[in-house]
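Enquirer: attaching a predicted model along with its sequence, questions to come.
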Amino acid sequence: MSRTSTLPKRLQPMLATLTDAPFDDPRWVFEDKYDGFRMIAENRGGKVSLYSRNGKIISRSYVDVAKALEGVKGDAVIDGELVAIGKDGVSHFQLLQNALRHQAKLLYCAFDLMFANGEDLRALSLLERKKRLKAILPRHKLIAFSNHRKAKGTQFFAEAERRHLEGIMAKRADSPYASGRRTADWLKVKTAQRQEVVIAGFTAPRRTRPFFGALVLAVREDDAWRYIGHVGTGFSHQVLEELYGKLMRLKTAKSPFPAKVKDEGVTTWVRPSLIAEVKFAEWTAKGELRQPVYLGLRSDKKAKDVVRERTWSRKQR
């Protein structure tokens, strides 16, 4: 359960830019890219409030994590990622779908410190902020400090691929914290292509599959919805049933797209509000996803903020 909040801009998380390849640079540090969702933790007088990326208060949904963070030394605002750890010791986004049913091992991976004891630390260098963060974190099984490696990004990325991780983060060692902004001081390098999508409808089930056949996917473009394909794989029976229940409550008679799309005759339209994440092989020349696989729902941003993620090359700098 979450409550709506207007997160002050000073508490909004700094956002990273997708880049095309790993690199080596002594001015940069490299961290694991966690496969979870962003969480800001504010400890004030021993009382902890947890916020999602879009400002929702989610403390009641993750009571154990909030309780663990009460052990932080002094007042602080911490940036991190909530992940669910599988039996292989790796974070998996799909497992977060089961977290609220207590079927997954949660871990809060803290990687930055914005404020401490009333002091604004955002103008300090990343390395100084991380040093101060490590000093105040309690030792607890639900909390981890995000370690980093200096300079050797290509080697770190190769290790991430071998470990089947989502990717790595590259951050300028001297970078300040830019609340609410997406900058090129923080870069993400993915081992596989991923995209946030908005569900615009679903097709009728085929053969023995129950509930629905595929989801109709969209992103926002020029203040309108753009069709980017269908996804019909990646669903367990439980996911099919639960997702179908959510979709049926969003049924609408009208397509959100300005032009006709594939399989309209067997499509049930829904209000475009549910956000999912998919992995895929590549973008086609028509701007559609090739071979997408459903990974799970996201609730940490607004549907109208979901756009096609563009890759930025360091050569542009």
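Expert: Yep, that arrived.

Enquirer: quick one: low-confidence ranges for the chain?
Expert: 1-6, 97-104, 314-317 (pLDDT under 70).

Enquirer: dump the residue contacts of the spatially most central residue of it.
Expert: Nearest to the mean C-alpha position of the chain, by C-alpha atoms, centre = their mean, lies F37 at 4.1 Å. Applying C-beta atoms under 8 Å, 6 or more residues apart in numbering to F37 gives the contacts S52, R53, E81, L82, F93, L96, R298, S299, D300. Glycine gets a C-beta too; all of them are placed from N, C-alpha and C.

Enquirer: the first one against S299, yeah?
Expert: Meaning S52. Yes: using C-beta atoms under 8 Å, S52 is in contact with S299, at 6.8 Å.

Enquirer: comparing these two, which residue is more hemmed in?
Expert: S52 (22 against 15; other C-beta atoms under 10 Å).

Enquirer: for the stretch 151-300 of the chain, which segments count as helices?
Expert: 153-162, 237-248 (DSSP state H, counting those that start in this stretch).

Enquirer: quick check: which of the ones you listed is buried the most?
Expert: Of all those, helix 153-162 has the most neighbours on average by mean count of other C-beta atoms under 10 Å, namely a mean of 16.

Enquirer: how about residues contacting that one?
Expert: 22-25, 28, 30, 32-33, 149, 166-168, 170, 189, 191.

Enquirer: just the buried residues out of those residues, in ChimeraX syntax.
Expert: Remark: buried members of the contacts of helix 153-162, expressed as a ChimeraX selection using 16 or more other C-beta atoms under 10 Å:
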select :22,23,28,30,32,33,166,167,168,170,189,191
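
Enquirer: neighbours of P205, how many?
Expert: Around P205 there are 15 other residues, counting by other C-beta under 10 Å.

Enquirer: again with the one 3 residues further on
Expert: When neighbours are defined as other C-beta under 10 Å, T208 has 5 of them.

Enquirer: and it, how far from L240?
Expert: T208 sits 12 Å away from L240, going by C-beta to C-beta, to the nearest Å.

Enquirer: can you flag the buried ones in the contacts of F37?
Expert: Here, 16+ other C-beta under 10 Å leaves S52, R53, E81, L82, F93, L96, R298, D300 buried among the contacts of F37.

Enquirer: can you tell me which of those are in strands?
Expert: S52, E81, L82, R298 (DSSP state E).

Enquirer: which pair in those has the greatest spatial separation?
Expert: Largest separation among these by C-beta to C-beta: E81 and R298, giving 13.0 Å.

Enquirer: hmm, S299 and A276 touching each other?
Expert: No: at 10.5 Å, A276 does not count as touching S299 under the criterion of C-beta under 8 Å.

Enquirer: element containing F30, please.
Expert: Assigned by DSSP states H and E, F30 falls within strand 24-32.

Enquirer: now for that strand, which elements pack on it?
Expert: On a contact count with 3 or more C-beta pairs under 8 Å, 6 or more residues apart in numbering; DSSP states H and E, strand 24-32 meets strand 149-152, helix 153-162, strand 167-172.

Enquirer: would TSV of the ones you listed with distance to K141 be doable?
Expert: What follows is those, written out as TSV (distance: least, C-beta to C-beta, whole Å):
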stretch	distance to K141
strand 149-152	24
helix 153-162	24
strand 167-172	23
